[in-house]
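next one to model:
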Amino acid sequence: MGINRITLKRNSKQLLRTSNPNPLIMGLIYFIISYILSNLSTRLTGVQVNIQEYTNALQTMDLAFFQNIIKDYDPSAGAILIDIAIRILQILLHTGFMIFVLNTLYKREGASYYNLLDGFAITGRVLVLYLLTAIYVFLWSLLFIIPGIIALYRYRMALFLLLEHPELTPAQCIEESKRMMNGHKSELFSLDLSFLGWLILSVIPFVSAYVTPYMQLTYAGFYDSLKRMQYSGEHDYTGYDAPGPDVF
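Numbering: from 1, shown residues only. Reported below is the predicted structural model:
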């Protein structure tokens with residue numbers, strides 16, 4: 001049984017139009033804050049990074065992207081410390097944005113623009129998850145580029161699992177993501193390719209304010225579809241406020 005990406009994207013567009021708080025306003029807030037932080041980092045380090053490229057690299061843990069940044073990375077010690085703090089801040093804001101996305105997907109009462117700050121409450125768990133994911137992907141990449149790419153897709157559901165299941169450790173979330181993605185990596189790859197045009201358009205200022213919530217709602221729908229397909233009975237991980245029938 002496969003996942004219909006057309007249905008996922010149609011549902012995401014519906015949520016963009018009807019959800020309250022509005023995901024597009026959240027996308028705009030997130031874009032402005034991320035843009036300011038990225039420009040501050042650029043001034044400190046002299047390394048210019050496109051915010052959409054950086055956001056995608058954070059999500060997929062694209063090591064090649066970060067390796068290219070490191071080549072030109074030669075700031076002062078103080079600038080390095082501040083830049084590291086900015087990178088961590090961006091990761092936590094991204095986490096808060098994903099909390100908002102899940103709250104919107106499941107129509108929870110907790111959906112709020114303040115969700116953007118909720119990632120700070122689980123700073124340790126989030127940073128450990130990112131660190132472990134980066135290490136695993138790096139180790140697989142040592143074999144060859146293809147195993148590294150496969151590893152990227154294998155661990156893509158880990159953040160969703162961390163946010164939905166506080167009882168799981170970051171390592172368990174990675175393992176569970178690996179299990180969930182078994183047989184579905186090509187479907188997620190196809191979904192990524194379907195957003196290629198939007199990613200190209202994201203070079204236009206403020207376009208990513210639409211693209212980011214649209215994409216992330218779709219990826220959250222992909223996660224939810226995997227969960228519905230795979231978990232039942234004693235393996236039930238659906239500990240959430242289920243969406244109404246108008247969502248899926």
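
next, count neighbours for Ile91.
17 (other CB atoms under 10 Å). Every C-beta, even on glycine, is put in place using the N, C-alpha and C of the backbone.

which parts of whatever helix or strand it lives in are buried?
Using DSSP states H and E, Ile91 sits in helix 77-105. Going by neighbour count (16 or more other CB atoms under 10 Å), the buried part of helix 77-105 is 79, 82-83, 86, 89-105.

in the protein, what secondary structure element scores lowest on mean pLDDT?
Lowest on mean pLDDT, DSSP states H and E among the helices and strands of the chain sits helix 51-60, with a mean of 57.

quick one: low-confidence parts of the protein?
Applying pLDDT under 70 to the chain picks out residues 1, 45-79, 231-248.

for it, which segments count as helices?
5-18, 23-45, 51-60, 63-71, 77-105, 123-143, 145-154, 158-164, 170-180, 185-194, 196-201, 208-230 (DSSP state H).

tilt between the first one and helix 23-45?
Using axes from the mean of the first three to the mean of the last three CA atoms, to 10 degrees, the interaxial angle of helix 5-18 with respect to helix 23-45 works out to 100 degrees.

which strands or helices does the helix holding Ile91 pack on?
Here helix 77-105 touches helix 23-45, helix 51-60, helix 123-143, helix 158-164, helix 208-230, going by 3 or more CB pairs under 8 Å, 6 or more residues apart in numbering; DSSP states H and E.

okay, these, which one's buried deepest?
Mean neighbour count (mean count of other CB atoms under 10 Å) peaks for helix 158-164 among these, with a mean of 24.

quick one: it to chain centroid distance?
Helix 158-164 sits 10 Å away from the centroid of its parent chain (CA atoms, centre = their mean, to the nearest Å).

wait, doesn't Leu161 sit right on Pro170?
No: under the criterion of CB atoms under 8 Å, Leu161 makes no contact with Pro170, lying 9.4 Å away.
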